[in-house]
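Colleague: Quick one, fold the following:
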Amino acid sequence: MRRIVFGIAALLVVAVAAFLIFAPGIAERGMNRVVGGPWPVGERARALHAKLFIADLHGDTLLWQRDFDAAATRGQVDLPRLQAGNVGLQVLSSVTKTPKGQNYESNSGDTDNITLLSIAQLQPMRTWGSLVERSLWHAEKLHRAAERAPAIRVVRTRGDVSALRPGVVGTLLSVEGAHNLEGDLRNLDRLYAAGFRMIGLAHFFDNELAGSMHGEKKYGLTPFGLKAVRAMEAKGMIVDVAHASHAAFADVMRLAARPVVVSHGGVKATCDTNRNLTDDELRALAKNGGVIGIGYWDAAVCAPTPQATARAIVHAVKVAGIDHVGLGSDFDGSVTTGFDAAHISAVTQALIDAGLSDADITKVMGGNVRRLLMAGLPA
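Modeller: Predicted coordinates:
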């Protein structure tokens, strides 16, 4: 009998160990996929791409159990691939909670997928039950990577943006869904001290600050959300309205004193999904001085191809103006894309094919984001 008990216990230990070792990687391989291609890139596009400052407003790499500075065999972003793609600035978001059965139409905030992932990835125990601690852990991971790799610069100020040079990848910490404040504005101070400089108000469910495009009630800014937006702007933190409900988007447009971003998404005119912006919202964003980051995945542009991304960019430029459009890949955000960070030159080629000038491409690929950060970050 004792042998049987020991045998069962040994099998359980092996099963748990196998789960902790293999499950996170298996999950990411299934959720962050690259399909299609290769996408031919001509000599003109290669030469132009090599001269560009390229900025991506949204990536979720810090969520996963791997080192940002090391080459990975899964996912869509790491330092070597960003360098290969000539990316000068990557915004790295902290995802702290997602609902079970996640969809674009209606989600409750009563369930959470990230708790199990936090445990499976053997994150510090403080992150298992605290959303703000999950974000602080993501910041810690990035700072450790920057200590190991001189090619990573964590961007906190305008001076950090100005100091970026070829071969160095600037990284800016963001939050995807300010439910991680846990209803306490003092946590905004903790996030700021950890290096966070961009805050998305909502993610896939309505929260204490704002309704979500994908929530059950989709309400506007709450009184707490209004206080939070004012506090963010006072600190020099960029407000991100990606995923915010249409009502919350309108409220922020009336309230914001600084340019805001839609860090990752698309436009309804080329891809009529629930999460994309109307033309009127594009015009309001332009009036605010903000920037929309056009994505690469099917729900944003209706096909994971550089041509679909280019079509959305061209429309956004026509409606909002050339100064208000950028890139927002959503790489490593449980999305399927047609290319990874090493092959963003495919977008440069698609924009050339769509008829944009070199000057306009320079703005879209990163110039507009750099301008916005120079206006919005603290000195």
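Colleague: now A379, nearest residue through space, not along the chain?
Modeller: Nearest non-adjacent residue to A379, counting by Cβ to Cβ, 6 or more residues apart in numbering: R158, 5.5 Å away. Placement of C-beta: from N, CA and C, glycine included.
Colleague: What residues does the one you found make contact with?
Modeller: R158 sits next to 373-374, 377-379 when contact means Cβ atoms under 8 Å, 6 or more residues apart in numbering.
Colleague: again, only this time at 7 Å
Modeller: Neighbour list for R158: 374, 377, 379 [criterion: Cβ atoms under 7 Å, 6 or more residues apart in numbering].
Colleague: Make CSV from these and add secondary structure, pLDDT and distance to I152 to it.
Modeller: CSV is the format used below for those (DSSP: H, G, I helix; E, B strand; the rest coil; pLDDT from 0 to 100; distance: Cβ to Cβ, whole Å):
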residue, secondary structure, pLDDT, distance to I152
M374, helix, 96, 20
L377, coil, 97, 18
A379, coil, 90, 22
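Colleague: Among those, name the buried ones.
Modeller: With burial judged by 16 or more other Cβ atoms under 10 Å, the buried subset of the contacts of R158 is L377.
Colleague: Make JSON lines out of the contacts of R158 and add distance to L48.
Modeller: Shown next, in JSON lines, are the contacts of R158 (distance: Cβ to Cβ, whole Å):
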{"residue": "M374", "distance to L48": "23"}
{"residue": "L377", "distance to L48": "27"}
{"residue": "A379", "distance to L48": "32"}
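Colleague: for this structure, what spans make up the strands?
Modeller: Along the chain, counting by DSSP state E, strands occupy 33-34, 54-59, 87-95, 152-154, 169-176, 196-200, 238-240, 261-265, 291-294, 325-327, 336-337.
Colleague: As CSV, those with mean neighbour count and mean pLDDT would be great.
Modeller: Listed next are these as CSV, based on neighbours: other Cβ atoms under 10 Å; pLDDT from 0 to 100:
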stretch, mean neighbour count, mean pLDDT
strand 33-34, 18, 94
strand 54-59, 29, 98
strand 87-95, 26, 98
strand 152-154, 19, 98
strand 169-176, 26, 98
strand 196-200, 26, 98
strand 238-240, 28, 98
strand 261-265, 30, 98
strand 291-294, 30, 98
strand 325-327, 29, 98
strand 336-337, 22, 96
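Colleague: Out of those, the one nearest D353 is which?
Modeller: Nearest of the strands of the chain to D353, taken as Cβ to Cβ: strand 291-294 at 15.7 Å.
Colleague: Next, the distance between the ends of stretch 122-135.
Modeller: Stretch 122-135 has an end-to-end distance of 15 Å (Cα to Cα, to the nearest Å).
Colleague: buried sites along that stretch?
Modeller: Judged by neighbour count using 16+ other Cβ under 10 Å, the buried positions of stretch 122-135 are 123, 127, 130-135.
Colleague: Tell me which two in the residues you listed are the farthest apart.
Modeller: Q123 and V132 (13.6 Å).
Colleague: quick revisit: tell me the pLDDT at the residue nearest to A379?
Modeller: pLDDT, R158: 97.
Colleague: Could you measure from it over to R134?
Modeller: If you measure R158 against R134 using Cβ to Cβ, to the nearest Å, the figure is 28 Å.
Colleague: same thing with D280?
Modeller: Taking Cβ to Cβ as the measure, D280 falls 35 Å from R134.
Colleague: Likewise for Y296?
Modeller: Per Cβ to Cβ, Y296 is found 25 Å from R134.
Colleague: for L277, same thing?
Modeller: With Cβ to Cβ as the criterion, L277 and R134 are 28 Å apart.
Colleague: can you check F339 too?
Modeller: 29 Å.
Colleague: Low-confidence stretches in this protein?
Modeller: Within the chain, the segments meeting pLDDT under 70 span 1-25.
Colleague: which residue ends up closest to the midpoint of it in space?
Modeller: By Cα atoms, centre = their mean, the chain has its centre lying nearest to H58, at 2.5 Å.
Colleague: S329 is in contact with that one, correct?
Modeller: Yes: proximity of H58 to S329 meets the contact threshold set by Cβ atoms under 7 Å, at 6.4 Å.
Colleague: so what sits against both of these two?
Modeller: Shared contacts of H58 and S329, defined by Cβ under 7 Å, 6+ apart, comprise H264.
Colleague: in stretch 224-240, what counts as buried?
Modeller: Neighbour-count burial for stretch 224-240, with 16+ other Cβ under 10 Å as criterion, is recorded at 224-226, 228-229, 231-233, 235-240.
Colleague: R311 touches T270, doesn't it?
Modeller: Yes: contact criterion Cβ under 7 Å: R311 and T270 qualify, at 5.0 Å.
Colleague: Show me how this protein divides into domains.
Modeller: For the chain, the structural domains run 1-31, 43-376, going by automatic domain parsing.
Colleague: Nearest approach to G37 belongs to which of those domains?
Modeller: Ranking the domains of the chain by their distance to G37 (criterion: Cβ to Cβ) puts domain 43-376 first, at 5.7 Å.
Colleague: Show me how far stretch 79-99 is from its chain's centre.
Modeller: Stretch 79-99 has its C-alpha centroid displaced from the chain centroid by 7 Å (Cα atoms, centre = their mean, to the nearest Å).
Colleague: All set, thanks.
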